[in-house]
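>>> Here is the input, now give the coordinates:
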Amino acid sequence: MIHPILKRSIGRITATRLIFYGFLLAWGTAAQAAPHVIRWNDTRQAIDGFGICQAFHQARHIMEYPEPARTEILDLLFSTEKGAGVSILRNIVGDGGTWGNETDGPTPTIQPQEGVWNWTGDEDQIWLMRQAKLHGCETFLSTVWSPPGWMKTSNAVDGGGSLLPDKYPAYAEYLSRYLREYRQRHGITIDAISIQNEPDLTTKYSSCLWTGTEFRDFIRDHLAPVFKRDGITAKVVLGESSNFSEKHAEESLNDPVAAAAVDIVATHAYDEKPADKVKPLPLAKQHGKRIWMTEVSYFGGNDPTIRDGVTWARLMHDHLTVSGVNAWFYWWGACYKTNGESLIPLDLKNRTYSTTKRLFTFSNFSRFVRPGHVRLDCTVESAPGVSVSAFRSADAGSLVVVAINAGDEARELSYQLEGAAAASFTPYRTSAGESLARLPDLPSLKTTLPAQSVTTFVASQVKPSTAR
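Numbering: from 1, shown residues only. Purely as a prediction, here's the structure:
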């Protein structure tokens, strides 16, 4: 039997413990519910833009569509009010191949024979660049899928082969001439030139194999001197390996002369293992080079659903936050194929088109995160299945936050802005039943994210906090 006084003492101790444990529980719950932080003054990489390609006559298909469908497709791709606001258009440097057909095939080359120049045959890409520019897209990347056949070991555009060493000078002159003539003849400035698409693959269509050593020697001993002589200001893009890698750029980056002539290290992301699609490119970062992910898609049957859209949004998020890319491209913007190679499938027979949720989740980034924006440090995984990235505008006057809920349940979002203040946030949401739907303004970044959704929050009047 417990003495009454002792019993009262135990009761008081127990009550005190309960109060203490209750305080700890309440404190822990409050700590867990505390907002995550976006750090206004803690910047990461600058954003160059988001892009698509319309190579192999896909630009022509848009050009030949009847109105109003043609304008609608252009708006969906390039408009910052009605569509994705694509800010970089990738083109093919014509090579004169004989494979393919009018639906899907090569573009004529500007140099069909040594000493012979041709300036016709690329009207569709020229037309599209001009249309894109009218919509506000002013950055153009041109990629070589193959040098003209007469420069190669195989004497053919398709089926691989390599650039003949004694044609290195001719190829440097060819690239310089292409850039100069497009500016002078067509009034188009090509902002970046990629020496070779997927130098690690031999394909039935246009292709050419390169080693890292060959890239280094060509850039250092031929391309750099010719570009300097001709006053070429286009950025040199190197790599574009089929899998996410900087392997083909390593020798050039480790050579001081070649490295000085390389501006952008590019890669594609066709790795079969998802884990290999996302990783840092340490050598490019060490040398201060921009990193562009210039191509990815899939070849299975087209999936227009939100689940597919969220999958691509997650990959974009990971490339931006883990790999630190400065630009991100889907493969085709609009194409005739019925698989997943484009954002907008085209029905050429009936001259119609359809949209996909991946178009709109891509747009959740591309329309709002504009060239010159800078990524900010923030909690990137705020809850299971929730991915968040934040970007500050070039003039430091606005904030864009992209929140992805890849889960099958709604999740709470709670973030506070450190180092600045925003009066309100405008959400634009893509979900199973919404496509960039503008929602009522919010006073803060505290809301619920529906399952399987991507929401972009825009604060247009952000003011830095006053230090005390």
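
>>> Check which helix or strand residue 435 maps to.
In this structure, residue 435 sits in strand 434-438 according to DSSP states H and E.

>>> Name the residues of the helix or strand following that strand that are buried.
Following strand 434-438 in sequence order, the next helix or strand is strand 445-449 (DSSP H and E). Within strand 445-449, the residues that count as buried by 16 or more other Cβ atoms under 10 Å are 445, 447, 449. Just so you know, the C-beta spots here come from the backbone N, C-alpha and C atoms, and that holds for glycine as well.

>>> residues in contact with the residue nearest to the last one when sequence neighbours are not counted?
When the adjacent residues along the chain are set aside, residue 449 lies closest to residue 405, with 4.0 Å between them (Cβ to Cβ, 6 or more residues apart in numbering). Residue 405 makes contacts with 310, 385-386, 411, 449-455, as judged by Cβ atoms under 8 Å, 6 or more residues apart in numbering.

>>> Tell me the most packed of the residues you listed, by neighbour count.
residue 454 (32 neighbours; other Cβ atoms under 10 Å).

>>> surely it meets residue 404?
Yes: with contact defined as Cβ atoms under 8 Å, residue 454 reaches residue 404; the gap is 5.1 Å.

>>> between the two, what contacts are shared?
Each of 310, 313 lies in contact with both residue 454 and residue 404 under the rule Cβ under 8 Å, 6+ apart.

>>> quick one on the thing from earlier: which strand residues bridge the residue nearest to residue 449?
residue 386, residue 453 (DSSP bridges).

>>> ok so, going back, quick check, nearest of the contacts of residue 405 to residue 289?
Using Cβ to Cβ, residue 454 is the member of the contacts of residue 405 that sits closest to residue 289, with 29.4 Å.

>>> Would you tell me what the next helix or strand after the helix or strand of the chain with the lowest mean pLDDT is?
Sorting the helices and strands of the chain by mean pLDDT, DSSP states H and E puts helix 4-33 at the bottom, at a mean of 39. Beyond helix 4-33 on the C-terminal side, the first helix or strand identified by DSSP H and E is strand 36-46.

>>> Now for the residue nearest to residue 379 when sequence neighbours are not counted, how many residues are close by?
Of all residues not flanking residue 379 in the chain, residue 36 sits nearest, at 3.9 Å (Cβ to Cβ, 6+ apart). Residue 36: 17 surrounding residues under other Cβ under 10 Å.

>>> Distance check, residue 36 against residue 459.
16 Å (Cβ to Cβ, to the nearest Å).

>>> Let me see the backbone angles for residue 247.
phi -50, psi -50 (degrees, to the nearest 10).

>>> what about it, how many residues close to it?
Neighbour count for residue 247, taken as other Cβ under 10 Å: 16.

>>> Residue 284 and residue 291 touch, don't they?
Yes: using Cβ under 8 Å, residue 284 is in contact with residue 291, at 5.3 Å.

>>> Pairing partners for the residue nearest to the spatial centre of the chain in the sheet, please.
With distances taken as Cα atoms, centre = their mean, the chain has residue 328 as the residue nearest its mean C-alpha position (1.0 Å). On the basis of DSSP bridges, residue 328 is bridged to residue 50, residue 293.

>>> which one of the buried residues of strand 445-449 sits closest to residue 359?
Looking across the buried residues of strand 445-449 and measuring by Cβ to Cβ, the closest to residue 359 is residue 449, at 20.2 Å.

>>> pLDDT wise, what is the closest one at?
If you check residue 449, the pLDDT there is 98.

>>> mind listing the helices for the chain?
4-33, 58-64, 69-78, 123-134, 168-186, 212-218, 224-230, 250-253, 256-261, 274-277, 282-286, 306-318, 357-366 (DSSP state H).

>>> doesn't residue 279 make contact with residue 285?
No: contact criterion Cβ under 8 Å: residue 285 and residue 279 do not qualify, at 11.6 Å.

>>> Break this protein into its domains for me.
35-44+375-464, 47-373 (automatic domain parsing).

>>> Now do the end-to-end distance for the last one.
Same thing as domain 47-373. With Cα to Cα, to the nearest Å as the measure, the first residue of domain 47-373 is 5 Å from its last.

>>> again with stretch 43-58
38 Å.

>>> ok now that stretch, how far from the chain's centre?
Centroid separation for stretch 43-58 versus its chain: 5 Å, with Cα atoms, centre = their mean, to the nearest Å.

>>> what is the rounded mean pLDDT of it?
When pLDDT is averaged over stretch 43-58, the result is 98.

>>> Now do the buried residues in that stretch.
44-45, 47-58.

>>> can you check stretch 195-203 too?
Burial within stretch 195-203, assessed by neighbour count using 16+ other Cβ under 10 Å, is assigned to 195-200, 203.

>>> Make CSV out of these and add pLDDT and distance to residue 127.
Below are these laid out as CSV (pLDDT from 0 to 100; distance: Cβ to Cβ, whole Å):
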residue, pLDDT, distance to residue 127
195, 98, 25
196, 98, 26
197, 98, 22
198, 98, 26
199, 98, 29
200, 97, 32
203, 96, 27
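
>>> Mark which of those residues are part of strands, please.
Of these, none are assigned to strands by DSSP state E.

>>> rewinding a little: check the helices of the chain for me and report the most buried one.
Comparing the helices of the chain by mean neighbour count (mean count of other Cβ atoms under 10 Å), helix 357-366 comes out on top with a mean of 27.

>>> Run the chain-centre distance for that helix.
11 Å.

>>> other SSEs contacting it?
strand 49-53, helix 306-318, strand 327-335, strand 342-347, strand 426-431, strand 434-438, strand 453-459 (3 or more Cβ pairs under 8 Å, 6 or more residues apart in numbering; DSSP states H and E).

>>> Please report how far residue 375 lies from residue 62.
Residue 375 is 32 Å from residue 62, by Cβ to Cβ.

>>> Residue 334 now?
Using Cβ to Cβ, we find residue 334 at a distance of 6 Å from residue 62.

>>> residues near the residue nearest to residue 182 when sequence neighbours are not counted, how many?
Distances taken as Cβ to Cβ, 6+ apart put residue 188 closest to residue 182, at 4.9 Å, once the chain neighbours are dropped. Close neighbours of residue 188, defined as other Cβ under 10 Å, add up to 19.
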